[in-house]
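Asker: Curious how this folds, go ahead:
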Amino acid sequence: MTKKYELTNEKIEYGIRTLYRIRALRDFEDVKKGDLGGFVESEKNLSHEGDCWIYDDSKVIECSKIVGCSKVKNHSTVMTYSKVEDSTIESSTVMNYSEVKNSTVMRNSIVKNSTVKNSKVESSTIKSYSEVKNSTVESSTVRCSTVMRNSIVKNSTVKNSVVMSNSTVMRNSIVKNSTVRYSTIENSKVENSKVDDSKVDNSIVDNSTVESSTVESQSIVMRNSIVKSSTVDNSVVLSKSKIERSTVDNSTVVGESKVERSAVRGNSKIEFSIVDNSTVMSDSIVRRSTIEDSIVDDSTVKIDSIVKRYSEVKKSVVESSTIENSTVNNSIVDNSTVESQSIVMRNSIVKSST
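Answerer: Numbers count the residues shown, from 1 in each chain. As a prediction, this is how the structure comes out:
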């Protein structure tokens, strides 16, 4: 093997270590014979094979290794048993047993105790045994996490989490103790949750599952809630709720509620309720109620009411009432009980009655 560089007599002290400037002994890549390079502690730091080189005043020390076609430049430092292979390190630090392979780490980034492969890291910190693979991390912090499979993290923080499979975390988002797959997290906080094939925008998802859904406009999904195949817009969903294959628009779902295969829209609120296979829409309120296999359209159902079993309430107000296995059409039922397969319909009004 022909040596491609030598150690010169120019040396600097780096802590307790002495580093020596290198000089090229032959032409290769963009380096010419006689060119001065950066600093190494010994020839163990820079391979004589390949086109790898250390430029300007960059430093490689403490048994770290630069191999392949790597470039270390713009005052970068590779230290403490790290390895850089076929990568570019620019104005950055790689340290503490890190590995960078087929990647670019640039603009004051730090890779510490971590692995970066086939990726781009810019103006970011990757630390605490994190992995970035086939992805881009920009202006962000990734800690104790994995970012992989063509994912993007920008201007955000990812901690104790997995971001994978073409996901994007951006615009000051925070992802902690969570898994994000095939999803976009934008200007949001996701904690202790699973987000799969979804979009979370300007919202909070905490200790919940969001799947094939959109959560946006300052919505909150928390406390063991499940949102599947749904849209949650400017809403609150919390306390062990389940929303599946539904649209919840500008609404609040609270308590141990279940909304399944339904559409709840237009400034609606559901509280301590179960809505199953139903449509509640157009400025409706359902409070402390059970609505099952029903349609409530442009209506208010509240205060301990139950509407269930194939019922339909349209353009109506049902208050402090129980309606069971019934149809109420274009009507008002106030403080009443209508049950046992009853039908109240066509502009009828039932008040304070049984």
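Asker: Would you mark the buried spots in the top strand by length along the chain?
Answerer: Counting by DSSP state E, the longest strand found in the chain is strand 5-14. Under the neighbour-count criterion of 16 or more other C-beta atoms under 10 Å, strand 5-14 has 5, 7 buried. C-beta: built from backbone N, CA, C; applies to glycine.
Asker: got it, and stretch 152-169?
Answerer: Applying 16+ other C-beta under 10 Å to stretch 152-169 flags 152-154, 156-159, 161-164, 167-169 as buried.
Asker: Pull that stretch out as CSV, backbone CA atoms only.
Answerer: Extracted C-alpha coordinates of stretch 152-169, given in CSV (Å, rounded to 0.1, in the frame of the first residue of the first chain):
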residue,chain,number,x,y,z
ILE,A,152,-37.7,13.9,7.6
VAL,A,153,-37.3,15.7,10.9
LYS,A,154,-37.1,19.5,10.6
ASN,A,155,-37.1,22.2,13.4
SER,A,156,-38.3,19.7,15.9
THR,A,157,-37.4,17.4,18.8
VAL,A,158,-37.7,13.6,18.8
LYS,A,159,-37.0,11.9,22.1
ASN,A,160,-37.3,8.2,23.0
SER,A,161,-39.3,7.6,19.9
VAL,A,162,-39.3,6.0,16.4
VAL,A,163,-40.0,8.0,13.3
MET,A,164,-40.1,5.8,10.3
SER,A,165,-41.6,4.9,6.9
ASN,A,166,-41.8,8.2,5.0
SER,A,167,-42.9,10.2,8.0
THR,A,168,-42.3,13.9,8.5
VAL,A,169,-41.9,15.7,11.8
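Asker: So what's the residue count around residue 330?
Answerer: 17 (other C-beta atoms under 10 Å).
Asker: so it makes contact with residue 316?
Answerer: Yes - checked against C-beta atoms under 8 Å, the pair residue 330 and residue 316 is within contact range at 6.6 Å.
Asker: So which of the buried residues of stretch 152-169 are in helices?
Answerer: Using DSSP state H, no member of these sits in helices.
Asker: which of those residues lies closest to residue 312?
Answerer: Looking at the buried residues of stretch 152-169 and their distance to residue 312, the nearest is residue 167, at 41.1 Å (C-beta to C-beta).
Asker: how near is residue 16 to residue 62?
Answerer: 11 Å (C-beta to C-beta, to the nearest Å).
Asker: Neighbour count: these two, which is higher?
Answerer: Remark: of residue 16 and residue 62, residue 62 carries more neighbours, 17 against 5, as counted by other C-beta under 10 Å.
Asker: need the contact list for the more buried one.
Answerer: Residues near residue 62 by C-beta atoms under 8 Å, 6 or more residues apart in numbering: 17, 41, 79-81.
Asker: In strands only, show me those.
Answerer: Among these, the ones falling in strands (DSSP E) are residue 17.
Asker: Tell me the most packed of the contacts of residue 62, by neighbour count.
Answerer: Most neighbours among those, by other C-beta under 10 Å: residue 79, with 21 neighbours.
Asker: mind listing what that one touches?
Answerer: Residue 79 sits next to 59-62, 64, 93-96 when contact means C-beta under 8 Å, 6+ apart.
Asker: Kindly report the same for residue 117.
Answerer: Residue 117 touches 99-103, 131-134, counting by C-beta under 8 Å, 6+ apart.
Asker: Recalculate using a threshold of 10 Å.
Answerer: 85, 87, 99-103, 131-135, 148 (C-beta atoms under 10 Å, 6 or more residues apart in numbering).
Asker: Which ones among these lie within strands?
Answerer: Under the assignment DSSP E, the contacts of residue 117 contribute 85, 99-101, 131-133, 148 to strands.
Asker: okay, the residues you listed in JSON lines with pLDDT next?
Answerer: Listed next are the ones in strands among the contacts of residue 117 as JSON lines, based on pLDDT from 0 to 100:
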{"residue": "85", "pLDDT": "98"}
{"residue": "99", "pLDDT": "98"}
{"residue": "100", "pLDDT": "98"}
{"residue": "101", "pLDDT": "98"}
{"residue": "131", "pLDDT": "98"}
{"residue": "132", "pLDDT": "98"}
{"residue": "133", "pLDDT": "98"}
{"residue": "148", "pLDDT": "98"}
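Asker: Give me the buried subset of these.
Answerer: Looking at those with 16+ other C-beta under 10 Å, the buried ones turn out to be 85, 99-101, 131-133, 148.
Asker: Closest one to residue 75 out of the residues you listed, please.
Answerer: In terms of C-beta to C-beta, no member of those lies closer to residue 75 than residue 100, at 16.8 Å.
Asker: what about the closest one, distance to residue 125?
Answerer: From residue 100 to residue 125 the distance is 14 Å (C-beta to C-beta).
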